[in-house]
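1. Here you go, sequence then predicted model.
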Amino acid sequence: MTSTTPGRGPLDRLRGAVGVLYREAIKFGVIGLVAFVIDMGSFNLLRHTVLEDKPTAAVIVSASIATVFAWVGNRAWTFRHRRNRPAHHEAALFAGTNGVALLIQAACVASSNYLLGFESLTADNVAKVVGIGLGTLFRFWAYRRYVFAGEPLDLDQSPLSDRKPLSGGTPP
C-alpha cells in the first residue's frame, strides 16, 4: 500500500511540531487557569474555616481538588490527541506528577511559614502562587514527557477543535 501524501520536509515537520506545542500550551494554560481558581478559592475557603491554623494541610486539600479537575481537563482536551497507554496508567503517572508539584507548593508555603516566619494569609497566598508557578512548569514538562507521551495524532480530536490536521496536512 502506498501513500498519496507527499513526504514532508524538515521545515514542514518543524512547523507542525511548533504548532502542536503552541496548541498544547494554550489548552494547558486554560485548564491550568481554571484549576488555579479552584485551588486558590478552596485554599482560602479552608484557611478561613476548618483549616485556619493549618496552611500546609489547606494546600494539600485544595491542590488535590484542583488536580482532579486538571486530570479530566487535560486528558479530555489538552492532550486528547496523545494516546499511548491505558487510562489507569496515565492516571497513576498524572497523580505522581501532581504529587511532586504538590510537594513543591507545600514546601513553598511551609518554608514561608516555618522558616521565614511569614504567617499571614497574604504571605501564604504569595507562597502558594510561587509554588503553583514552579509546579506548573514542572507539570507541563512532565505531562508532555511522561504522562501523555504518545506521539501526537495527525488530527486534533479534542472536543473544541475544528478537526484540522495538527501538522498542516489535509484531514483524512
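-> Yep, that arrived.
2. From here on, just use CA atoms for contacts and neighbour counts.
-> Will do.
3. Flag every buried residue along the lengthiest helix in the chain.
-> Looking across the chain with DSSP state H, the single longest helix is helix 10-48. Within helix 10-48, the residues that count as buried by 16 or more other C-alpha atoms under 10 Å are 16, 20, 24, 27-29, 31-32, 35-36, 38-40, 42-44, 46-47.
4. Same check on stretch 76-87?
-> W77, T78, F79, R80, H81, R82, R83.
5. Out of those residues, which is nearest to Y114?
-> The closest of those to Y114 turns out to be T78 (C-alpha to C-alpha; 36.8 Å).
6. OK, contacts around F43?
-> A58, V59, V61, S62, A63 (C-alpha atoms under 8 Å, 6 or more residues apart in numbering).
7. do T56 as well
-> So T56 contacts A106, V109, A110 (C-alpha under 8 Å, 6+ apart).
8. What's the local residue count around the closest residue to the second one other than its chain neighbours?
-> This points to V109. In this structure, V109 finds its nearest non-sequential neighbour in A127, 5.1 Å apart by C-alpha to C-alpha, 6 or more residues apart in numbering. A total of 22 residues lie near A127 under the criterion other C-alpha atoms under 10 Å.
9. Ok, the one 10 residues further on next?
-> Applying the criterion other C-alpha under 10 Å, we find 11 residues in the vicinity of L137.
10. does it sit in a helix or strand, and which one?
-> helix 121-142 (DSSP states H and E).
11. What's the mean pLDDT across that helix?
-> Averaging pLDDT along helix 121-142 yields 92.
12. Can we start the residue count at 454 from this point?
-> In the new numbering, first residue 454, that becomes helix 574-595.
13. what bits of the protein have low per-residue confidence?
-> 454-461, 469-470, 536-537, 603-625 (pLDDT under 70).
14. So which bits of the helix or strand containing V525 are buried?
-> Here V525 sits within helix 508-526, counting by DSSP H and E. Buried residues in helix 508-526, counting neighbours by 16+ other C-alpha under 10 Å, are found at 508-517, 519-520, 522-524, 526.
15. Now T589: closest residue in space, sequence neighbours ignored.
-> Nearest one to T589, counting by C-alpha to C-alpha, 6+ apart, is A554 at 7.3 Å.
16. Is that neighbour in contact with F593, as I believe?
-> No: judged on C-alpha atoms under 8 Å, A554 makes no contact with F593 at a distance of 10.5 Å.
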